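Colleague: The sequence and its predicted three-dimensional model are supplied below.
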Amino acid sequence: PNNSETNVLHGYIIKQKIGRGAFGNVYEAYDDKKNKYAIKVLLQEVKDKFPYLNCFRRGIRSMKILKEHNLKEMVTIHNAYEVPACIVMDYIEGPTLREAIDRRMLFELPQKIDLIISICESINTAHQLPEQILHRDLKPENIILENFYSHSDDPISIKILDFDLSWHQGSTELTIKIGAMSQGFMAPEQADESQHDYTRTTSVDVYSIGMLMYYIFTEVNPAPNQHMFERFQEDLENTLIKKYSSLRWKSVIHHLSQLIIKATYQEQQERIALSVLLEQIRIIQDACINDFIPCIHPLFLQEIAYRINDRNEITILDHGRSIEIENEALAKKVYLTLQQSGYKTYLQVKIEKTVISSDNRSNLGKFLHTAKDKAISCVDRKIFLPSGEVKQGAIHILLTAELPESVYLHQIEAYAKNILKARAEMDLK
């Protein structure tokens, strides 16, 4: 309608259509004091389907609960009406996450990490409420970067929209399947109508956040069931390494890709908990901000390891306090371990070399001892205290360093360089 009278809905003047949610069209609207709002009006085809109408009502209840708890990252509801069914909400200025990525408005990795932390924090807070709000439709179109129109270094403020598919404690309405699954952000169990009970867990949102991370950091839209692709992990790591090649911390990319994998496992009981995911992303944030990390930081040993060997040969143990690096072709292994003694922390490095068929076997005993001595002599004793032995046809080198409370990147480079030199000298030629 073109005349102003027919464009009035419950006292609000409708100006123009600005978008569409899962169940309704969204319009720009004004009250009699010219305050600006967004109004979502339920689609006629949805209104006629009772399960969909009930989901719309449940979404209204979720929004009211979030408003009561004053979650500032969630869009605020002001009014809701039954005839016609609609919701009056804050009008949020700014691009959606989809628009921001498409327009290349987000460049730097630290800025993207800050953004995903904001998303995780807001959803985690909703999960922690007594009513336990699950969003269940997290995708780029449902996240607005408030007043973000330039490549600013200011913190990004987000607003999360569209609670039509949400769930909260005490809800009895059926869960429905909807077409957003085709975008690749919904958990696989949400596409299976026999899995209703399994869509009422926080793991559903964790999967979506994992795919949002994939989208934000690769700037590529995930395909449906992307997590099941044979080369998903390998392609993800290669893309991130290429895209953020200038990053000083080599371990960050590998750690980030592992978090995406852990968030998007097929079986929801295997997915990482959102609180743990948030904690791990903050660890990455710390590394991106500074050129030093605490010596007990989970990325400390990983940073040394990724400077020594290809990622495929690295095994992380004991929550990052121990790492095994294997070079099978040369029959060499490196073990990195953090040791605590009183108030002091030590880096302990064990390097092992066993004899293989390609090694020079003539006068083997002499070669083993010579290689051991060369490995020890090349180590900078200002950095490591070295020792070694030959035992049962193998060389064993032990390097020990007392660590400062904070370790700078140049010190990590020195640790890695000395380990590489010692390992190279253990060849039997």
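Modeller: Perfect, thanks for sending it. Numbering: from 1, shown residues only.

Colleague: alpha carbons only for contacts and neighbour counts from here, please
Modeller: Will do.

Colleague: Could I get the phi/psi values of Leu247?
Modeller: Phi and psi for Leu247, reported as degrees, to the nearest 10, are phi -60, psi 130.

Colleague: Can you find the helix or strand in the protein with the smallest mean pLDDT?
Modeller: Least confident element among the helices and strands of the chain, by mean pLDDT, DSSP states H and E: helix 44-47 (a mean of 78).

Colleague: C-terminal to that helix, what's the next element?
Modeller: In the C-terminal direction, the helix or strand that comes right after helix 44-47 (DSSP states H and E) is helix 50-68.

Colleague: Helix or strand next in line after that following helix, which one?
Modeller: strand 77-82.

Colleague: Asp410: how many residues sit nearby?
Modeller: To be clear, residue 410 is His; Asp isn't right here. 11 (other C-alpha atoms under 10 Å).

Colleague: just use 45 as the starting number from now, easier for me
Modeller: Will do, 45 is the new start, and the previous item becomes His454.

Colleague: Please, which helix or strand holds it?
Modeller: Using DSSP H and E, His454 maps to helix 453-468.

Colleague: Output the contacting helices and strands for that helix.
Modeller: Helix 453-468 is packed against helix 344-352, helix 408-421, with contacts defined by 3 or more C-alpha pairs under 8 Å, 6 or more residues apart in numbering; DSSP states H and E.

Colleague: pLDDT weak spots in the stretch 245-394 of the chain?
Modeller: Across the stretch 245-394 of the chain, the ranges flagged by pLDDT under 70 are 354-356.

Colleague: do that again at 80, thanks
Modeller: 353-356, 372-374 (pLDDT under 80).

Colleague: Could you pull out the strands in it for me?
Modeller: Under the criterion DSSP state E, counting those that start in this stretch, strands of the stretch 245-394 of the chain are mapped to 336-338, 358-361, 366-371, 376-385, 388-398.

Colleague: Quick check: which of those strands is nearest to Ala235?
Modeller: strand 358-361 (34.1 Å; C-alpha to C-alpha).

Colleague: got a markdown table for the strands of the stretch 245-394 of the chain, with mean neighbour count and distance to Lys294 too?
Modeller: Output for those, formatted as a markdown table (neighbours: other C-alpha atoms under 10 Å; distance: least, C-alpha to C-alpha, whole Å):
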| stretch | mean neighbour count | distance to Lys294 |
| --- | --- | --- |
| strand 336-338 | 18 | 13 |
| strand 358-361 | 15 | 13 |
| strand 366-371 | 19 | 15 |
| strand 376-385 | 18 | 17 |
| strand 388-398 | 19 | 19 |
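
Colleague: distance of Ile337 from Asp330?
Modeller: Ile337 is 8 Å from Asp330, where distance means C-alpha to C-alpha, to the nearest Å.

Colleague: okay, the angle between the helix holding His454 and strand 376-385?
Modeller: 130 degrees (axes from the mean of the first three to the mean of the last three C-alpha atoms, to 10 degrees).

Colleague: wait, which of the helices and strands packed on helix 453-468 is closest to His212?
Modeller: Closest to His212 of the helices and strands packed on helix 453-468, according to C-alpha to C-alpha: helix 344-352, at 39.5 Å.

Colleague: and the closest one, what does it pack onto?
Modeller: helix 294-307, strand 366-371, strand 376-385, helix 453-468.

Colleague: Redo these as TSV? Include distance to Ala317.
Modeller: Converted to TSV, the helices and strands packed on helix 344-352 look like this (distance: least, C-alpha to C-alpha, whole Å):
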stretch	distance to Ala317
helix 294-307	8
strand 366-371	23
strand 376-385	26
helix 453-468	30
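
Colleague: among those, which is nearest Lys111?
Modeller: helix 294-307 (28.0 Å).

Colleague: Tell me the buried residues in that closest one?
Modeller: 294-301, 303-307 (16 or more other C-alpha atoms under 10 Å).

Colleague: Could you dump these into CSV and include distance to Tyr259?
Modeller: Listed next are the buried residues of helix 294-307 as CSV, based on distance: C-alpha to C-alpha, whole Å:
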residue, distance to Tyr259
Lys294, 21
Ser295, 20
Val296, 17
Ile297, 15
His298, 16
His299, 16
Leu300, 13
Ser301, 12
Leu303, 14
Ile304, 10
Ile305, 13
Lys306, 15
Ala307, 13
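
Colleague: which of those residues sit farthest apart?
Modeller: Across the buried residues of helix 294-307 (C-alpha to C-alpha), the longest gap, 21.3 Å, separates Lys294 and Ala307.

Colleague: Asp76 contacts Tyr56, correct?
Modeller: Yes: using C-alpha atoms under 8 Å, Asp76 is in contact with Tyr56, at 7.2 Å.

Colleague: Now for Lys416: which residues touch it?
Modeller: Residues in contact with Lys416, defined by C-alpha atoms under 8 Å, 6 or more residues apart in numbering, are 432-434, 439-441, 469-470.

Colleague: hey, what's the closest residue in space to Asn353 that isn't next to it in sequence bridged with?
Modeller: Excluding the flanking residues, the one nearest Asn353 by C-alpha to C-alpha, 6 or more residues apart in numbering is Ile369, at 7.0 Å. Judged by DSSP bridges, the bridge partners of Ile369 are Ile358, Val378.

Colleague: Go ahead and confirm Ile369 touches Ala349.
Modeller: Yes: between Ile369 and Ala349 there is a contact under C-alpha under 8 Å: 7.1 Å.

Colleague: Name the residues contacting each of these two.
Modeller: With C-alpha under 8 Å, 6+ apart as the test, Ile369 and Ala349 both reach Ile358.

Colleague: Which residue ranges of the stretch 45-194 of the chain form helices?
Modeller: Using DSSP state H, counting those that start in this stretch, the helices found in the stretch 45-194 of the chain span residues 88-91, 94-112, 141-146, 153-172.
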